[in-house]
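Chemist: following is a predicted model, sequence given first.
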Amino acid sequence: MATNSLEAKQQAHELIDQLGPSQIAAVVKLLEVMLHDDDDELTEEDRRAVAASREYFREGGEGISFEQVAAESGFTMDQIRKR
């Protein structure tokens, strides 16, 4: 485990070197989101949707499982786990 910033960066580089192309793309996207998260302001429509969602769950509404989302999208959990 890295003990300082320089060691952490070196460890990150070593780990990235072990990733495949699609994994690298995912890491790049994650880093972009982490760095530019403040740039994306919620629209008023987004705020209303978030408020409605919170109210739905506060009133006892139930979500759906990831497994159900996968099935409705035509995937099996085995297919997802292999990606």
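Modeler: The structure has been received and is ready for your questions.
Chemist: tell me the contacts of residue 19?
Modeler: residue 27 (C-beta atoms under 8 Å, 6 or more residues apart in numbering). Every C-beta, even on glycine, is put in place using the N, C-alpha and C of the backbone.
Chemist: from residue 81, how far off is it?
Modeler: Distance of residue 19 to residue 81, computed by C-beta to C-beta, to the nearest Å: 18 Å.
Chemist: tell me how many other residues surround residue 75.
Modeler: 13 (other C-beta atoms under 10 Å).
Chemist: which residue is nearest the centroid of the protein?
Modeler: By C-alpha atoms, centre = their mean, the chain has its centre lying nearest to residue 30, at 7.4 Å.
Chemist: give me the phi and psi angles of that residue.
Modeler: The phi/psi pair for residue 30 (degrees, to the nearest 10) reads phi -60, psi -50.
Chemist: residue numbering should commence at 651 henceforth.
Modeler: In the new numbering, first residue 651, that becomes residue 680.
Chemist: any idea how far the helix or strand harbouring residue 701 is from the chain center?
Modeler: Element membership for residue 701 (DSSP states H and E) is helix 694-708. Centroid separation for helix 694-708 versus its chain: 20 Å, with C-alpha atoms, centre = their mean, to the nearest Å.
Chemist: so what touches it?
Modeler: Contacts of helix 694-708 (C-beta under 8 Å, 6+ apart): 692, 713.
Chemist: make it 10 Å
Modeler: By C-beta atoms under 10 Å, 6 or more residues apart in numbering, the residues outside helix 694-708 that reach it are 690-693, 711-713.
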